[in-house]
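Novice: Have a look at this fold, sequence not included:
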């Protein structure tokens, strides 16, 4: 992946030296959907940073001013022209608009450079921040999947099934929004 620059951010491929910053937000993921990505030790973070450095599915989001990793985006291709997208950011950097800035840059790249026709995201029903982000990106709510997926078990070991929303945006809608400014 080529680096993408915004006013405050650089979106780039992961590097092995991102391990400490990756550990900072994945040792206790905020959203349940990232529990399977939880990193228990700094050594786990080193291995994960190394793994992510070898693919284009995960995009490191770094502050331009200091180079610090503050979160990541993912874009999983579904041929011929669709991508599943998502985001995970360090809570210490929340509320500053970084997720929107990064996701908008990635969407522009996927639509213009990778010729995506459609992008979609799954969001847990109770993840208000991601619902707002989808809306501000111009994504439309396509549906609610009841008891769609499980990330944790209850005290008796039974899976807790989550309701999940699906949002999406088409390239032509993105282009219309971009043209309006």
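Specialist: Done, it's in. From a predicted model like this one, the values you see are computed outputs, not experimental measurements.
Novice: got the buried residues for the longest helix along the chain?
Specialist: Here the longest helix in the chain is taken by residue count, with DSSP state H as the criterion, and it is helix 98-112. Buried residues in helix 98-112, defined by neighbour count with 16 or more other Cβ atoms under 10 Å: 98, 99, 101, 102, 103, 104, 105, 106, 107, 109, 110, 111. C-beta coordinates here come from the backbone N, C-alpha and C atoms, glycine included.
Novice: Give me the contacts around it.
Specialist: Contacts of helix 98-112 from elsewhere in the structure, counted by Cβ atoms under 8 Å, 6 or more residues apart in numbering, are 4, 6-9, 11, 59, 61, 70-71, 73, 75, 83, 85, 87, 89, 116, 119, 129, 133, 136-137, 169, 171, 174-175, 178.
Novice: try 6 Å
Specialist: The contact list for helix 98-112 (Cβ atoms under 6 Å, 6 or more residues apart in numbering) reads 4, 6, 9, 11, 61, 73, 83, 87, 89, 116, 133, 136-137, 171, 174.
Novice: Just the buried residues out of those residues, in PyMOL syntax.
Specialist: Burial among the contacts of helix 98-112 is assessed by 16+ other Cβ under 10 Å; the matching PyMOL selection reads:
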select buried, resi 4+6+9+11+61+73+83+87+89+116+133+137+171+174
